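1. Can you look at this prediction? I've put the sequence above it.
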Amino acid sequence: MGPATVAWIARLHGWIGLWGAVLGLLFGVSGFVLNHRAVLKLDLMAYAPTHQRIEVPSTAGASPQALAAWLPGALALPQAKVRIPDEKRRPTAEPVAATERGKRWNVMLNTPQERVQVIYWAGEPRAEVTRERANFFAMLARLHTGAGLGAGWVLFADTLAGAMVALTLSGVLLWTKLHPGRLLAVGLVGGSTVLGTILVIRAL
């Protein structure tokens, strides 16, 4: 590698390192809180619950799917990630029949700052809503696990993994430039490690 190539790799390494440091701080702090909250009794994460009852129009009460579609607007959570737990899911979208009355529907809504559970008894005029607002550390933990976030956040978080790979490769290249003749050794060791890891994974 020529001096210009080495300088370019060094600059790239520095900028990627800055990006990795920002995301690394976020995931590092939240990961520490998640991993050690029980052992170290870190009561940092907390939720402030509130309870309310809301009127459910007949169109929204026709099926769990209709209820799930109506709730984000009714609760002012337009960006919430909505799901119907499998054990409560009812595939029909037909109006509530007499046989459906008395059955409980459960809908969950999640954002990074809040988790919401809605319980609705089919045929009733109101639903029970429990909202839990996350504090700062709980919100960090939710960001770490992607709670209430879609594919965009997953791809964004994946840039940290990409940054780590890029830092590793550029760091190795810079190191071998400072230690001539060792690039072949690094390639052999790295290749052997990757091959060994693949064999171990396939044997599991």
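-> Looks like it arrived, so ask away. The structure displayed is predicted, hence computed values, not measured ones.

2. Just give me the neighbour total for the spatially closest residue to Thr59 that is not a sequence neighbour.
-> In this structure, Thr59 finds its nearest non-sequential neighbour in Ala66, 6.4 Å apart by C-beta to C-beta, 6 or more residues apart in numbering. In short, each C-beta sits where N, CA and C put it, glycine included. Ala66 has 19 neighbouring residues, counting by other C-beta atoms under 10 Å.

3. And Ala66, how close does it get to Ala80?
-> Computed as C-beta to C-beta, to the nearest Å, the Ala66 to Ala80 distance reads 16 Å.

4. Glu128 too?
-> Distance from Glu128 to Ala80, by C-beta to C-beta: 17 Å.

5. quick one: which of the two has more around it?
-> Applying other C-beta under 10 Å to Glu128 and Ala80 shows that Ala80 carries more neighbours, namely 18 against 15.

6. Please report how far the residue lying closest to the more buried one once chain neighbours are set aside lies from Lys103.
-> In space, and not counting its chain neighbours, Ala80 is closest to Leu109: 4.2 Å by C-beta to C-beta, 6+ apart. Applying C-beta to C-beta, the value for Leu109 to Lys103 is 20 Å.

7. So between these two, which is more surrounded?
-> Between Leu109 and Lys103, Leu109 has the larger neighbour count (other C-beta under 10 Å), namely 22 against 14.

8. Cheers, nothing more for now.
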